[in-house]
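> Fold the following for me, if possible:
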Amino acid sequence: MNKYTKWFRIALWLGVILDLLLALPGILFPNTMLRLLHLRPSTDIVWTATASILTVVLALMYTTANDPILHRRAAWNAVISRGLCATFFLLLWPGYYASFGLMDLFFFIVQGWSLRLTLQVYDRHTSSTP
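Here you go, the predicted structure:
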């Protein structure tokens, strides 16, 4: 395992843990979680709780990318999902929950960078082996 794979895994699991820490309580206490994060409470807590459940589902799906060499598609899906979430919060709906968008942007950059380098090193190594 190269150092970029280690960085990818660290970023992947740190993101999963943060997602779960924010989303699991948000299923039962959506507005309480938003207030704790100094964010605008929701007028529709059912949709906020639903977003929390979907975040848990995404986090569980991210774990399939733990081996980015063996599961390239899952690894790229994890990176692309972070980019889509960042786009949603920062560009499509700016000013509402930007902290979620910034978190996803951070993981998009770190995971994308480390995954690209992981695969580049692996492909270079395997193509030079007879």
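
> which parts of stretch 56-65 are buried?
For stretch 56-65, burial by neighbour count (16 or more other Cβ atoms under 10 Å) applies to Val56, Leu58, Ala59, Tyr62, Ala65. Using the backbone N, CA and C atoms, a C-beta is placed for each residue, glycine as well.

> Need the residues that contact it.
Stretch 56-65 is contacted by residues 12-13, 15-16, 19-20, 23-24, 27, 71, 74-75, 77-78, 81 when judged by Cβ atoms under 8 Å, 6 or more residues apart in numbering.

> Of those, which belong to helices?
Within the contacts of stretch 56-65, residues falling in helices by DSSP state H are 12-13, 15-16, 19-20, 23-24, 27, 74-75, 77-78, 81.

> ok, which pair from those is furthest apart?
Farthest pair in the ones in helices among the contacts of stretch 56-65 (Cβ to Cβ) is Ile27 and Ala75. Separation: 26.9 Å.

> With neighbour numbers in mind, choose between these two.
Legend: neighbour count by other Cβ atoms under 10 Å for Ile27 and Ala75, higher for Ala75 (27 against 16).

> Quick check, the more buried one in contact with Ala11.
No - with contact defined as Cβ atoms under 8 Å, Ala75 does not count as touching Ala11 (11.1 Å).

> how near is Val16 to Leu92?
Distance of Val16 to Leu92, given as Cβ to Cβ, to the nearest Å: 24 Å.
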